[in-house]
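Participant: Quick one, structure for this:
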Amino acid sequence: LKPTTQHNYIRFVKEFSIFFGRSPDKAAFEDVRRYQLDLTSRGVSPGSINGALAALKFFFRITVQRFDIANHIQLVRQPRRLPVVLSPEEVTRLLEAARGPKYKAALAVAYGAGLRISEIVSLKVSDIDSKRMVIRVEQGKGRKDRYVMLSPHLLELLRTWWLVLRPRGYLFPGQDRISPLTQRQVRRACLEAAGVAGITKRVSPHCLRHSFATHLLERKVDIRVIQVLLGHAKLDSTAIYTQVATKTIQEVTSPLEHLIPRTQGTGAKLAKPVERAKSRRQVEPTRQTRLKTPPKSMKRTKITKQAKPRSKRKKSA
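Facilitator: Numbering: from 1, shown residues only. Modelled structure (predicted):
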């Protein structure tokens, strides 16, 4: 497990021990269930509840080998929300409002390379390969190394920051210049920049990562390439960005546009032919009426018979 995961698991097991009131290895599954209900009643988010349950599942399965409890612990189903995505104009305003070249460069890495916040603070100067124009991400999520893109503009921002402090170890060191920046410091700097830029969306460094993937997808980059850049193990995790790529959605033509004959515009326009048809029916006589009342040209006129004079035949001799 990563150090951060180990720290969180220990914290969750300690909290469960306080709730249980005894050593956690003496607990039963009903005690775990009561702890889960207590977290729910206190308004703890489903993500935090799942973090606690994952820690307890690891504890009972690996540490004390209580499989009778571990096998019955089920994570809470979380509602899947669409990621928050910034527009390119909002990203520009956010980076310009960042406090100092260090935080500007750190946030630019989140958007320009799509790195997670844990990967940003773990970057070292040696991970920047300006010859091949790539960034090496060492031991990312899932303990996998990968390479991501290094754009010329991002390289320029990183060089501007490096000339200020000339760090040798971590690319973004903390105050002691030995340990890296904390994730909390980067999140706080991102929130401050969003406030200065007047962005009302729920902005975070991970939001810049979402924007990176969405904007690439809108530029017709293959989704499998985006999957590799993001370090996703499954394509399903990357496919969620297809739901927020508004530019791609706008370019799709509705099947309604291909109907033949094409439907006319508004309802008012559709009503006019109907009204004309009604008026035509009112004016024009029906077939039966036409048969009953023939036109004047077809009416019979009375012809008065005049007596023709009889011609006198000559009697033959």
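Participant: pLDDT weak spots in the protein?
Facilitator: 140-142, 248-249, 256, 260-317 (pLDDT under 70).
Participant: quick one: the residue nearest the centre of the chain from R93, how far?
Facilitator: Central residue of the chain (Cα atoms, centre = their mean): V244, 3.3 Å from the mean position. Using Cβ to Cβ, to the nearest Å, we find V244 at a distance of 20 Å from R93. Where C-beta positions appear, they are placed from N, C-alpha and C, glycine not excepted.
Participant: What of L208?
Facilitator: Counting by Cβ to Cβ - L208 and R93 are separated by 13 Å.
Participant: neighbour-wise, which of those two wins?
Facilitator: Each of L208 and R93 has its neighbours counted (other Cβ atoms under 10 Å); L208 has more, 26 against 17.
Participant: Pretty sure that one sits in a helix.
Facilitator: Yes. Counting by DSSP: H, G, I helix; E, B strand; the rest coil, L208 falls inside a helix.
Participant: OK, contacts around it?
Facilitator: With contact taken as Cβ atoms under 8 Å, 6 or more residues apart in numbering, L208 is in contact with 86, 91, 94, 107, 110-111, 190.
Participant: ok, now with 10 Å
Facilitator: Listed by Cβ atoms under 10 Å, 6 or more residues apart in numbering, the contact set of L208 reads 85-86, 91, 94-95, 107-115, 117, 120, 190.
Participant: From these, which land in strands?
Facilitator: In strands, judged by DSSP state E, none of the contacts of L208 are found.
Participant: list the contacts for P167?
Facilitator: Counted by Cβ under 10 Å, 6+ apart, P167 has contacts 102, 124-125, 161, 173, 177, 180.
Participant: separation between T40 and P46?
Facilitator: 9 Å.
Participant: Would you mind listing the residues touching both of the two?
Facilitator: In contact with both T40 and P46: V76, using Cβ under 10 Å, 6+ apart.
Participant: Can you list the buried residues in stretch 145-153?
Facilitator: For stretch 145-153, the neighbour count (16 or more other Cβ atoms under 10 Å) marks 146, 148, 150 as buried.
Participant: how about TSV for those, with distance to K2 and secondary structure added?
Facilitator: Putting the buried residues of stretch 145-153 into TSV (distance: Cβ to Cβ, whole Å; DSSP: H, G, I helix; E, B strand; the rest coil) gives the following:
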residue	distance to K2	secondary structure
R146	16	strand
V148	19	strand
L150	25	coil
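Participant: Let me have these in JSON lines, adding distance to D31 as columns.
Facilitator: Below are the buried residues of stretch 145-153 laid out as JSON lines (distance: Cβ to Cβ, whole Å):
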{"residue": "R146", "distance to D31": "41"}
{"residue": "V148", "distance to D31": "45"}
{"residue": "L150", "distance to D31": "51"}
